[in-house]
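A.B. asks: generate coordinates for the sequence data below:
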Amino acid sequence: MMTKKILLIWLLIFFTGFEICSLAEQNSELNISVSAREKYDDNITYVKNNTEKDIITSLILEGDYTYQAKTWNIKLSGGSEQELFAFHPNFNNNAQYANMNFEADITKKDKITVTDSFVHSDEPRSFEVTFGRPGGRYSSYINKLDVQYDKELSKQLKLRANYGFDTDTFSRDDINNSFNHTVDAKVFYFFTSKTIGYAGYEFTDRQFHPGKDGFTNSVQAAVRQYLTEKLYIDVRAGLDFIDSFEGKKYLKPLIVSTLNGELTENTEVSIGYSKRYATTPYVEDYFNYWQIAGTISSHVVEKLNMELTGFFGKGEYIVIDLKDDLVGFSVDLRYDIAEHVTGECFYSLSDSDASDDSFDFFKNTVYVGL
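C.D. replies: Reported below is the predicted structural model:
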């Protein structure tokens, strides 16, 4: 019966088309698409022992809408993914995501930006989210809101203020829900058109419900240097003044360095290193970590695009004395078969090695789709 359902889905996708709607007017654009994937996963439960394998069929509906006015613009996007498990139908699920980006010029020198992202899924969708996460398969609802205000004082001096509010809700009873408030202010100085510096202050408050609060006050300074017109490096350093969940105070350094932009006309890169003591939504503790993460996207030939992603991180929770190392790698190939029709082949490897077996897992995932 399941085989017939999977075959029906693939036939539906093939004969109805892939981009089912694309409408463009002078100030707006609407796109709606549908796709399907066939995936093999050798560890669907994210555990070290007694792993379960399965073949999963995904039906995906996505859309985005953009509107451009004279002094403001907005972009909305979202999607829904229905997963059907061939051998474990009790794991069938529906994941959703939604994003919003709003920008408005209040005056010629004042600008406001509001972004919001929401994800509901039964498994982590990135290596960064997986790092420090307890193992197992369980659903999460993650929402991130950010409000940013920019003020241009002169050609060389600019002010920026941000407020962020994150919510993390999990289906596991042993992981409490949490909220994270972030307030920060920065002063930017443009030394030249290629060299920008800034200094700033940041306050974060992670609240677990039920549970305690962890507070961090940070002072930071950074430099951005453009190597070319479209390629730059950021170097940021500072100090974190931590009031931990258990009432102890710490003074810890933070270091962040990133390389972003176009390496060549057909290749984009985003690679970063960070070292910090930070909270996570999983454990009422501070996570002392360092990580290297990067993505390289390349337009290989006329119709073929490739994206490589790598991750390596080492971390330790201070109070519960739990260490977690994560190695991750993925490659995504997309080929334009015809107008509005793209074939995709994807492979991912994740290896979590922790001092607690409940955080340990090794996982391979591969899928093909249209």
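A.B. asks: for the nearest residue to Arg137 once chain neighbours are set aside, phi and psi?
C.D. replies: Distances taken as Cβ to Cβ, 6 or more residues apart in numbering place Thr45 nearest to Arg137, at 4.8 Å, with adjacent residues excluded. The way it works is simple: take the backbone N, C-alpha and C, and place the C-beta from them, glycine included. Backbone geometry at Thr45, expressed as degrees, to the nearest 10, gives phi -100, psi 0.
A.B. asks: partner strands of the helix or strand hosting Phe287, with direction?
C.D. replies: Element membership for Phe287 (DSSP states H and E) is strand 286-299. Strand 286-299 pairs in its sheet with strand 267-279 (antiparallel), strand 304-317 (antiparallel), by DSSP bridges.
A.B. asks: center of this structure, which residue is that?
C.D. replies: The structure's the chain has its C-alpha centroid closest to Ser126; by Cα atoms, centre = their mean the separation is 6.2 Å.
A.B. asks: need the helix or strand of the protein with the lowest average pLDDT.
C.D. replies: Lowest by mean pLDDT, DSSP states H and E among the helices and strands of the chain is helix 2-16, with a mean of 50.
A.B. asks: what about the protein, any weak spots by pLDDT?
C.D. replies: 1-25 (pLDDT under 70).
A.B. asks: quick one: the helices in it, in order.
C.D. replies: 2-16, 127-130 (DSSP state H).
A.B. asks: contacting residues for Val327?
C.D. replies: Neighbour list for Val327: Phe311, Phe312, Leu349, Ser350, Asp351, Asp353 [criterion: Cβ atoms under 8 Å, 6 or more residues apart in numbering].
A.B. asks: list the beta-bridge partners for the closest residue in space to Phe165 that isn't next to it in sequence.
C.D. replies: What sits nearest to Phe165 in space, not counting adjacent residues and going by Cβ to Cβ, 6+ apart, is Leu145, at 4.7 Å. Under DSSP bridges, the beta-bridge partners of Leu145 are Asp116, Phe165.
A.B. asks: what's the distance between Leu145 and Asp110?
C.D. replies: 21 Å (Cβ to Cβ, to the nearest Å).
A.B. asks: just to revisit the earlier point, look up how far Arg133 lies from the residue nearest to Phe165.
C.D. replies: For Leu145, the distance to Arg133 - Cβ to Cβ - is 22 Å.
A.B. asks: between the two, which has more neighbouring residues?
C.D. replies: Taking other Cβ atoms under 10 Å, Leu145 and Arg133 do not tie; Arg133 has more neighbours (24 against 15).
A.B. asks: pull out the buried positions in the strand holding Phe287.
C.D. replies: Neighbour-count burial for strand 286-299 flags Tyr286, Phe287, Asn288, Tyr289, Gln291, Ala293, Gly294, Thr295, Ser297, Ser298 (criterion: 16 or more other Cβ atoms under 10 Å).
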